[in-house]
Every structure is written in structure tokens, then in C-alpha cells.
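Participant: I'd like to go over a predicted model; first the sequence, then the structure.
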Amino acid sequence: QVQLAESGGGSVQAGGSLRLVCAASGRTFNRNTMAWFRQAPGKEREFVAGISGSTNTKYADSVMGRFTISRDNAKNTMDLQMDSLKPEDTAVYSCAAREAVWPRVGSQSREYAYWGQGTQVTVSS
């Protein structure tokens, strides 16, 4: 059974940092694009950052320069380092993985077949 599990969420003050980790089990995603999405209360889910199997990366404009996505294929994990956090970053963050190998990092949630349960990130002002 394929599972994605997020960890590392929590509460921080504005300007602080958090590191999210997505651990995959049941299969490897070393060649598959993986991504982070987030959903704030009352808002639609939005793309945050993604990384391809060849480590090409893509970021939403709102997090560019503050967030860094990476992956460790040996551990079958993907990380999201979040610095200079803002109250508007408050959301449930979910990791996702594509079913097939594809070089492009897509930003549409429908492109991703596997999803984690999500982890809450709360940033206070």
C-alpha cells in the first residue's frame, strides 16, 4: 500500500522557520515528480513547490526565495524548508506524488495521484 506521510508542522511566530518532511512508503518515487500543496481555511488548495526526479524545482511566486524544496532518494523522502514565515503561510500542507515519470513539475493538483493526510502550519503575527 502506497502511503505519503507528512511531519514537521507546528506553530511559529512570523519570521520563524519550519521544516516539513514527506516520507513515502510502499513504493519508491525517485524518478517521479513530488510536490507540496497547501490549503488555508476557506480557500482552495494551492501549489507551493515541486521537484522532479531530476531535481528540477518550481515554486509558487508567494514562497519564492523563502521556501526550499529538496529530496533524498536514498530515504524516499522530500523536504520543504520554510524560512521567513508569514501569517499568510498558515495552512494545512500536503505532499503529493505523480504516478508516472514526467520531467516537468506541474502545479495542478489533478496531476498528482498520491497524497498525504497533511500537516498543520500556523504562523502568528
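Facilitator: Looks like it arrived, so ask away. Numbers count the residues shown, from 1 in each chain.
Participant: quick check: closest non-adjacent residue to Ser107.
Facilitator: Using Cβ to Cβ, 6 or more residues apart in numbering and skipping residues adjacent in sequence, the residue nearest Ser107 is Phe47, 3.8 Å away. To be clear about C-beta, it is placed using only N, CA and C from the backbone, and glycine gets the same treatment.
Participant: pairing partners for that neighbour in the sheet, please.
Facilitator: Beta-bridge pairing for Phe47 (DSSP bridges): Phe37.
Participant: who's in contact with it?
Facilitator: Contacts for Phe47 (Cβ atoms under 8 Å, 6 or more residues apart in numbering) come out as Ala35, Trp36, Phe37, Ala60, Ser107, Gln108, Ser109.
Participant: Arg98 versus the residue positioned nearest the centre of the chain, what's the distance?
Facilitator: When Cα atoms, centre = their mean is applied to the chain, the residue found nearest the centroid is Trp36 (2.1 Å). Distance, Trp36 to Arg98, by Cβ to Cβ, to the nearest Å: 13 Å.
Participant: and Gly9, by the same measure?
Facilitator: Counting by Cβ to Cβ - Gly9 and Arg98 are separated by 23 Å.
Participant: neighbour-wise, which of those two wins?
Facilitator: Arg98 (22 against 19; other Cβ atoms under 10 Å).
Participant: quick one: the more buried one and Ala24 touch, right?
Facilitator: No - applying Cβ atoms under 8 Å, one finds Arg98 not in contact with Ala24, separated by 11.9 Å.
Participant: what do these two both touch?
Facilitator: Shared contacts of Arg98 and Ala24 (Cβ under 8 Å, 6+ apart): Met34, Tyr114.
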